[in-house]
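Peer 1: Build me a model from this:
(one chain, ligands or ions: 1)
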Amino acid sequence: MSIHALLTQAFLNRKAFLQQCQQEQTDCYRIFHGVVDGDDMSGLNIDRYGETWLIQTFQQPLLAADLAAVTDFLLAIDDYPVIYNDRSSNNSRVMNELTEAAEQQAQASLIVHELGIQYTSKLRHDGQDPLLFLDMRAGRRYVKEKSAGKTVLNLFSYTCGIGIAAAVGGASQVMNIDFSSFALAAGHTNAALNGVENNSHFVQSDAFPALSQLAGLKVPSRRGRTLPYYPKLKAQQFDLVFLDPPRYAKSAFGNVNLENDYQSLFKPAMLATKDQGTIVACNNVAKVERDLWFKSLVRCVEKQGRVVLESHWIDIDTDFPSFDGNHPLKMVALKIK
Ligand SMILES: C[S@@+](CC[C@H](N)C(=O)[O-])C[C@H]1O[C@@H](n2cnc3c(N)ncnc32)[C@H](O)[C@@H]1O
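Peer 2: Next comes the predicted model:
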């Protein structure tokens, strides 16, 4: 199929979804998800971020003729600036140069809207992604709907999208935890944009010591090594805990490894969840099988003498289609006592 035909098909497939976006006041979404929409363009993703189009490639750069065809297609939908980030080499870093005008546009702070909430975004900066992961929209919708009057813990918060959705949804208190000052600075901006500074808290900390302290456990130490500084926190349980770690990350306190060791994060996160509270667990490793992972979560809850009262899978929105309904990003909400 030609690139134009692939784009047309992807756009038609999203007709109902795009209407939903309009109703929900959402102007940032994926219009082409290469892995499923792409045929031989599986490394190509195209997103709308507010009033800018973002084309990204992750396997090989687009040929000039293909880039021109994609650009024409996008401009025919809406005449917004088009930014192209080729991330096909070197740890997904952006490699290609833009014209001066496009570079300025790419580095400008944007405000995008999702579910009526405002978020800051930037299509090129020192980090890698545009400050809001669009596939997490379903998680943000869930917490926005479920947070009224609740205390919420947002772990591995990045730019605090989940925490802001909770605060806008009426949470009484939201604690966002991430070790990146850059990510939390964007979180502060997001809170200010939506007028939820009063119920939003930002803790710059490694998640391992933070979680251990909240759960009332000993902070893990590595024999013979002095631990880096971490802020002291009191033990506390929350009505709603959201756990969305990266697939793999190393720190002085422990390793995040969603394929082989989800429990070392899930156990303290569950202990920081109140009786009758809800923990939302996320795992974006495709080869982790959904039912086996779910059973391992239930086992971990029961090992602590607690019980899963209800479970609810949060389905990813259809702008991120999957082949067989088994999306690599799995999200499940467990109500526990
Ligand atoms: C995939 S993002 C999480 C996305 C986020 N939940 C959202 O809704 O957008 C991963 C985040 O984990 C943070 N991170 C990785 N390892 C960490 C650690 N040991 N302690 C605290 N934050 C960590 C990174 O700084 C990054 O912001």
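Peer 1: CA atoms only: put stretch 112-129 into PDB for me.
Peer 2: Extracted in PDB, the C-alpha atoms of stretch 112-129 (Å, rounded to 0.1, in the frame of the first residue of the first chain):
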ATOM      1  CA  VAL A 112      -2.300  20.800  24.700                       C
ATOM      2  CA  HIS A 113      -5.700  19.700  26.000                       C
ATOM      3  CA  GLU A 114      -6.800  16.300  27.100                       C
ATOM      4  CA  LEU A 115     -10.100  15.500  28.800                       C
ATOM      5  CA  GLY A 116     -10.500  19.300  29.400                       C
ATOM      6  CA  ILE A 117      -7.200  19.400  31.200                       C
ATOM      7  CA  GLN A 118      -4.300  21.600  30.100                       C
ATOM      8  CA  TYR A 119      -0.800  20.100  29.800                       C
ATOM      9  CA  THR A 120       2.600  21.600  28.800                       C
ATOM     10  CA  SER A 121       4.400  20.000  25.900                       C
ATOM     11  CA  LYS A 122       7.500  20.500  23.900                       C
ATOM     12  CA  LEU A 123       8.400  18.500  20.800                       C
ATOM     13  CA  ARG A 124      12.200  18.900  21.100                       C
ATOM     14  CA  HIS A 125      14.100  19.500  24.300                       C
ATOM     15  CA  ASP A 126      17.000  17.900  26.400                       C
ATOM     16  CA  GLY A 127      14.800  14.900  27.300                       C
ATOM     17  CA  GLN A 128      13.300  12.600  24.700                       C
ATOM     18  CA  ASP A 129       9.500  12.600  24.700                       C
END
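Peer 1: gap between it and the chain center?
Peer 2: Relative to its chain's centre, stretch 112-129 lies at 11 Å (C-alpha atoms, centre = their mean, to the nearest Å).
Peer 1: ditto for stretch 164-175
Peer 2: 17 Å.
Peer 1: how long is that stretch from one end to the other?
Peer 2: In stretch 164-175, first residue to last residue: 10 Å (C-alpha to C-alpha, to the nearest Å).
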